[in-house]
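Student: Just the structure for this:
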Amino acid sequence: MPRSRETYWYALKVFYGRTKLVEEEFRKARYTTFIPMKVEEVETDGHRDYVEKPLITSLMFVRCTERFLKKLKIMYNDYFLYYSEPGERAPGRIPDKEMDNFRLATTLNTSDVMYMGSDTFQLRKGDRIRVRDGLYKGLEGYVRRINHSRKVLVCLEGIAVVAVSNIHPHLLEKID
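Tutor: Okay, here's the model as predicted:
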């Protein structure tokens, strides 16, 4: 039987200080990596600086073959873990559509994105929506009220949830 060379998105929990090393190994092998980032305003000595930091500490996504991911895990066992389905040992694949939504929600570097923690069932209540126009056009998620304002939640099953705010209700359409 031929070996699969098909690539999928996977989520990794990278241990402290090892992100650059792990990312470099995937890039050397010409695989795509993604680390959701945010820009924070920091004031030092009376002047304002903007610093880019990870949105979700120690979380990295990679699009690669399962075989390569397992091989790298053996080589760098102490450096990262991959997320897997409950009760499974194999790395959990993230569907392209979910990953595209998550990347869209986290790459625009606005202050309107907030990390909500890991995926939970109570965040699943509400209507499923799609943004029809604007910066987030095509984004799909769920409408929720958080801290008295309406947010669009974008979920990666069992991994993370981010909330995007300041999307006008006229730009939203309900998905059945």
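
Student: Can you tell me the element Glu98 falls in?
Tutor: helix 96-106 (DSSP states H and E).

Student: Distance-wise, check Asp133 relative to His170.
Tutor: 9 Å (Cβ to Cβ, to the nearest Å). The way it works is simple: take the backbone N, C-alpha and C, and place the C-beta from them, glycine included.

Student: Those two: who's more crowded?
Tutor: Neighbours per residue, other Cβ atoms under 10 Å: of Asp133 and His170, the larger number sits with Asp133, 13 against 9.

Student: just the helices in this protein please.
Tutor: Listed in chain order, the helices found in the chain under DSSP state H are 19-28, 66-75, 96-106.

Student: Out of those, which one sits most buried?
Tutor: helix 96-106 (a mean of 18; mean count of other Cβ atoms under 10 Å).

Student: And for it, what's in contact with it?
Tutor: 9, 34, 36-37, 55, 61, 113, 136, 138-141, 152, 154-157, 160, 162, 164 (Cβ atoms under 8 Å, 6 or more residues apart in numbering).

Student: What of stretch 50-62?
Tutor: 9-16, 19, 22-23, 26, 31-42, 69, 80, 94, 99, 106, 113, 115, 159-160, 162.

Student: Buried ones among those residues?
Tutor: Buried subset of those (neighbour count, 16 or more other Cβ atoms under 10 Å): 9-12, 14, 19, 22-23, 26, 31, 33-36, 38, 69, 80, 94, 99, 106, 113, 115, 159-160, 162.

Student: Can you give me the end-to-end span of stretch 40-58?
Tutor: For stretch 40-58, the first-to-last residue distance is 17 Å (Cα to Cα, to the nearest Å).

Student: Spatially central residue (nearest the centroid) of this protein, please.
Tutor: In the chain, the centroid-proximal residue (Cα atoms, centre = their mean) is Phe102; its distance is 5.1 Å.

Student: Could you measure from that residue over to Leu55?
Tutor: From Phe102 to Leu55 the distance is 11 Å (Cβ to Cβ).

Student: Understood, closing this out.
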